[in-house]
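Peer 1: got a predicted structure here, sequence first:
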Amino acid sequence: MKLPLLNRVALASISVAVLASCGGGGSEDNEAGAPAPFNVQPSTIGVKNAKGTCAAGFLAEVFVYGGSAPYYINNTFPDGIVLNKSKVDDAGGSFTITLNGRCMDPGLVVVKDKLNRTVTVSVSSPFEEATP
């Protein structure tokens, strides 16, 4: 059965509208529709040191969400902060922060997604003067 030209044009227009409303394609973010806000959890980490000392050891696991994977991690205070990796491959992935006995207030860890957006993790381990 052959449809009249007007009906074929109407069906073609409806098909184009339906396909266009599907979304997807062309987006650099890892999800269709509006991208999830790029963030890390926790974004602020602190430890209260005993007077006259600086903490050492495991401090926190940090999770990366939103943005566009993969994520690259830059440690701006390598003398005081140790990271277990320099790249997180997927949203929801994580890395760990360990302190190595140096005080800081704060030390920053910068996380950059594949679109060069950045978020930071602030790490605080301030020195407390010992009282004589």
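Peer 2: Structure's in. What do you need?

Peer 1: which ones are touching the residue nearest to the spatial centre of the chain?
Peer 2: In the chain, the centroid-proximal residue (C-alpha atoms, centre = their mean) is Val64; its distance is 3.6 Å. Shown in contact with Val64 (C-beta atoms under 8 Å, 6 or more residues apart in numbering): Asn39, Val40, Tyr71, Val88, Ala91, Gly92, Gly93, Ser94, Phe95, Val111. (Glycine included, C-beta is placed from N, CA and C.)

Peer 1: give me the sheet partners of the helix or strand encompassing it and which way each runs.
Peer 2: Element membership for Val64 (DSSP states H and E) is strand 56-65. Here strand 56-65 is paired, per DSSP bridges, with strand 39-41 (antiparallel), strand 94-100 (antiparallel).

Peer 1: buried ones in it, by neighbour count?
Peer 2: Across strand 56-65, burial judged by 16 or more other C-beta atoms under 10 Å covers Leu59, Ala60, Val62, Val64.

Peer 1: among those residues, find the lowest-pLDDT one for me.
Peer 2: Within the buried residues of strand 56-65, pLDDT reaches its minimum at Leu59, with 93.

Peer 1: how about that one: what's its closest non-neighbour residue?
Peer 2: Taking C-beta to C-beta, 6 or more residues apart in numbering, and ignoring the residues beside it in sequence, Leu59 has Ile97 as its nearest neighbour in space, at 4.8 Å.
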